[in-house]
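**Q** Quick one: sequence plus predicted model below, questions after.
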Amino acid sequence: MTRATTRTTLDLTGLKCPLPALKTRKALKPLQPGDQLEVHCTDPLSVIDIPNLIRETGDTVEITERNEARIVFLIKKANGSIDAANAALRS
């Protein structure tokens, strides 16, 4: 039996750099592979910071939406974390 994936919404509107990226990283840690994290931001720097964070973690930004009021990222948790991959390389 396969596990159903979940979608978690993280409202970071009103927060300024670096808080959106830091809180996104923290919210991704407990997620299981395949789960989705929907992140809502208003900080214009998040369009740089969050994709850079996702490249570091090895996860995937599936959708980015931007309008005058907010920026929305839909992030899919990858099968393995970058921390696990780095640990395997060190051993």
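**A** That came through, no problem. If you're wondering where the values come from, they're calculated on a predicted model, not measured in any experiment.
**Q** what about the closest residue in space to L53 that isn't next to it in sequence, which SS state?
**A** Take L53 and drop its neighbours on the chain: the residue closest to it by Cβ to Cβ, 6 or more residues apart in numbering is A21, 4.9 Å away. C-beta coordinates here come from the backbone N, C-alpha and C atoms, glycine included. Of the three states, A21 takes helix under DSSP: H, G, I helix; E, B strand; the rest coil.
**Q** which residues touch the residue nearest to L45 when sequence neighbours are not counted?
**A** Distances taken as Cβ to Cβ, 6+ apart put C17 closest to L45, at 4.3 Å, once the chain neighbours are dropped. Neighbouring residues of C17 by Cβ atoms under 8 Å, 6 or more residues apart in numbering: D43, L45, S46, D49.
**Q** quick one: low-confidence ranges for this structure?
**A** Low-confidence segments of the chain (pLDDT under 70): 1-2, 80-91.
**Q** what do you get if the cut-off is 50, keeping everything else the same?
**A** 85-86, 88-89 (pLDDT under 50).
**Q** Just the buried ones among the contacts of C17, please.
**A** D43, S46, D49 (16 or more other Cβ atoms under 10 Å).
**Q** Wait, the first one touches K16, no?
**A** Yes: using Cβ atoms under 8 Å, D43 and K16 qualify as a contacting pair, with a distance of 5.3 Å.
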